[in-house]
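Colleague: Turn this into a model:
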Amino acid sequence: MKAALLTLVMIAALAGTDAVFDANQPLPELRTTFVPSPIHILPHERAVIFQREHAAANNMHGWFYGADVDSYWTPLYEPHIAPFEQSLPAYLQATANSPTTFAWDKPRLEAILERGLQSYHVQYVGVFINGEPMIYANHACNLREGDRDIWEREYWAVLDGGSCYFGIFYQPEKHLYTGLNINGEA
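Modeller: Sure, this is the predicted structure:
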């Protein structure tokens, strides 16, 4: 009887707790529950998160040009994507102002900032690279009428296009950006 009561108390206590993300603590073990849809459209409707199963089935590691993808995971808006979106403008501005940034990248970074990140459509996929959880964000400023169906289900690859198209990795555990790649222009 005591064991059953203790179990009920524990279940009730766990059911009433809210998950809190502390930026100074490591991420909890990344587990996902299968969701029938291959994507999750974010509240601002200009971004999609590809589910782990969809990314794996569609061999999305081909996006990353040489990155060694171990496996996939499904990032969540809170606590993974929201911090990325909130701090990306500051990262891009700091990169544009950095003396170590190549001269040919500065105008493209300034064009991204001028255009405003809210004007971009973004595809997110969670990957493990060398055992580390990372998020790849693929940005596109132009989607033609009718392209949204493709964009929501497949990686949107564009050659050239300059600052209208860029991708970047984000490490949610460390709040670090890496691998910024802005398209060139033909």
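
Colleague: P89 contacts I112, doesn't it?
Modeller: No - applying CB atoms under 8 Å as the test, P89 and I112 come out as separate, 9.2 Å apart. For the C-beta atoms, the positions are set from N, CA and C on the backbone; glycine is no exception.

Colleague: Pick out whichever of the two has more residues nearby.
Modeller: Set P89 next to I112 and count neighbours by other CB atoms under 10 Å: I112 wins out with 27 against 14.

Colleague: Doesn't that one lie inside a strand?
Modeller: No - assigned with DSSP: H, G, I helix; E, B strand; the rest coil, I112 falls outside any strand and is helix.

Colleague: what residues are up against it?
Modeller: For I112, the contact set (CB atoms under 8 Å, 6 or more residues apart in numbering) comprises 92, 163, 166, 182.

Colleague: Relative to D147, which of the residues you listed is nearest.
Modeller: D147 lies nearest to F166 out of those, by CB to CB, at 17.7 Å.

Colleague: Can you tell me the element the closest one falls in?
Modeller: F166 belongs to strand 165-171 when assigned by DSSP states H and E.

Colleague: Packing partners of that strand?
Modeller: Contacts defined by 3 or more CB pairs under 8 Å, 6 or more residues apart in numbering; DSSP states H and E place strand 165-171 against strand 132-140, strand 176-182.

Colleague: Could you tell me the angle between that strand and strand 176-182?
Modeller: Orientation of strand 165-171 against strand 176-182 (axes from the mean of the first three to the mean of the last three CA atoms, to 10 degrees) gives an angle of 170 degrees.

Colleague: Other residues contacting strand 165-171?
Modeller: Residues outside strand 165-171 that contact it (CB under 8 Å, 6+ apart): 63, 67, 84, 88, 108, 112, 129, 132-141, 158, 176-183.

Colleague: Partner strands of that strand, with direction?
Modeller: Counting by DSSP bridges, the strands paired with strand 165-171 are strand 132-140 (antiparallel), strand 176-182 (antiparallel).

Colleague: for the record, mean pLDDT for it?
Modeller: The pLDDT scores in strand 165-171 average 93.

Colleague: Buried residues in that strand, which are they?
Modeller: Neighbour-count burial for strand 165-171, with 16 or more other CB atoms under 10 Å as criterion, is recorded at 165-171.

Colleague: just the residues you listed now: which is nearest R148?
Modeller: Among the buried residues of strand 165-171, and counting by CB to CB, the member closest to R148 is Y165, at 16.2 Å.

Colleague: who does the helix or strand hosting L92 touch, helix- and strand-wise?
Modeller: Secondary structure assigned from DSSP H and E places L92 in helix 82-97. In this structure, helix 82-97 packs against helix 105-115, strand 176-182, with contacts taken as 3+ CB pairs under 8 Å, 6+ apart.
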